[in-house]
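Asker: Predicted model and sequence follow; I will ask about them next.
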Amino acid sequence: MTEIFDAIKKSAIEIRNLIQTGDTGKSTQENSTGDTQLKLDIASDEIIENIFKELKSVKAIVSEEQENIVSLHKEGKYLIAYDPLDGSSLVDVNLSVGSIFGIYENDFTGKNLVAAVYVVYGPRVELVIATDEVKMYRLINNEFKFIQNIKLNEKGKLNAPGSTQNCWAPFHKKLIDDIFEDGYRLRYSGGMVPDLHQILLKGGGLFSYPGTTDRPKGKLRQLFEVFPFAYIYEKANGQAVDGFQRVLDIQTTHIHDTSPCFFGSNEEINRVLKVYKENGK
Ligand SMILES: O=P(O)(O)OC[C@H]1O[C@](O)(COP(=O)(O)O)[C@@H](O)[C@@H]1O
Ligand SMILES: [Mg+2]
Ligand SMILES: [Mg+2]
């Protein structure tokens, strides 16, 4: 697994350079979820694929930016699903973006996730690796230096409510309003990676991206975005649910499936589960 983490570190340095100097324009292509790909999405995807191709321990990879699974080495032990540049449209307004990786054994199901990693490209480049523990590293003089372990408190103070508000179920709106009534502060940039990173580093809170009338299955993709962060939040003493169950217990039917999702510390997630249970689907 160390060679995979080292490969991700190498790709992060290349993507950081690409963000600083690359073309932020649109390409003429769409990805499998129907988003117009930016040239940065495609170039980041190529950087990661080229680096993983060299690793004998990697059996196959699948990217948010590609339709199909790419087989690499038959004898490899690991499967990797990744979002090469999450929130890429934010580069143009100079907000933080990220890369997300889920590392699996046997197949791409939540229960077979064995590690997860993300990189935040902000004023600093930081990388978080979750195995049994969650560890944060920072890029200093072109090397990732260990900074700290990450653990959530039982309850936090931040609320990051995603998606189109006029498409929310009334009970979801009430839940979010009640959380603000209780004194939580709004923190939402529209980049999943920095938004979830902030909650992890500030000790807790809630990030939600619910099912809505315009997108009943939410927007965020299970393999590339939801599962890796679910793994990280659980290992950091928090939880990740779809409103009713752990997201890592969801049966994936297609590699590009999306799911409603809630990430947070225990108190906020228990509150979500209670409200969703009382209000049904
Ligand atoms: O603008 P919305 O609907 O709140 O969506 C924001 C979400 O969409 C994303 O940008 C989706 O990721 P991509 O940029 O990879 O498509 C997340 O980072 C973010 O949490
Ligand atoms: Mg994404
Ligand atoms: Mg993306």
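Answerer: Sure, I can see it. Ligands and ions are numbered 1, 2, ... in the order given.
Asker: count of residues packed around the closest residue to residue 95 other than its chain neighbours?
Answerer: Closest residue in space to residue 95, ignoring its immediate chain neighbours: residue 189 at 5.5 Å, by C-beta to C-beta, 6 or more residues apart in numbering. C-beta: built from backbone N, CA, C; applies to glycine. Neighbourhood size, residue 189 [other C-beta atoms under 10 Å]: 17.
Asker: mind starting the numbering at 43 from now?
Answerer: Taking 43 as the first residue, the last one we looked at is residue 231.
Asker: Is residue 231 in a helix, a strand, or coil?
Answerer: coil (DSSP: H, G, I helix; E, B strand; the rest coil).
Asker: Which parts of stretch 273-284 count as buried, going by neighbours?
Answerer: 273-278, 280-284 (16 or more other C-beta atoms under 10 Å).
Asker: Just give me the neighbour total for residue 55.
Answerer: Neighbour count of residue 55, defined by other C-beta under 10 Å: 16.
Asker: Check residue 126 too.
Answerer: Residues near residue 126, counting by other C-beta under 10 Å: 26.
Asker: before we move on, which element is it in?
Answerer: strand 120-128 (DSSP states H and E).
Asker: Return the helix or strand just after that strand as PDB; C-alpha atoms alone will do.
Answerer: Counting by DSSP H and E, the next helix or strand C-terminal to strand 120-128 is strand 139-147. The C-alpha coordinates for strand 139-147 follow below in PDB (Å, rounded to 0.1, in the frame of the first residue of the first chain):
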ATOM      1  CA  VAL A 139     -10.200  22.000  -4.800                       C
ATOM      2  CA  GLY A 140      -9.100  18.400  -4.200                       C
ATOM      3  CA  SER A 141      -8.400  14.900  -5.400                       C
ATOM      4  CA  ILE A 142     -10.100  11.900  -3.800                       C
ATOM      5  CA  PHE A 143      -9.000   8.200  -3.800                       C
ATOM      6  CA  GLY A 144     -10.700   5.000  -2.500                       C
ATOM      7  CA  ILE A 145      -8.500   1.900  -2.300                       C
ATOM      8  CA  TYR A 146     -10.300  -1.400  -2.500                       C
ATOM      9  CA  GLU A 147      -9.600  -5.200  -2.400                       C
END
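Asker: For strand 139-147, name the packing helices and strands.
Answerer: helix 44-63, strand 120-128, strand 155-163, helix 234-243, helix 269-277 (3 or more C-beta pairs under 8 Å, 6 or more residues apart in numbering; DSSP states H and E).
Asker: mind checking which of these is nearest residue 136?
Answerer: helix 44-63 (10.0 Å; C-beta to C-beta).
Asker: touching ligand 1 at all, the closest one?
Answerer: No. Using C-beta under 6 Å from any ligand atom, helix 44-63 stays clear of ligand 1, with a minimum separation of 13.3 Å.
Asker: just the angle between that helix and strand 120-128, please?
Answerer: Angle, helix 44-63 to strand 120-128, by axes from the mean of the first three to the mean of the last three C-alpha atoms, to 10 degrees: 10 degrees.
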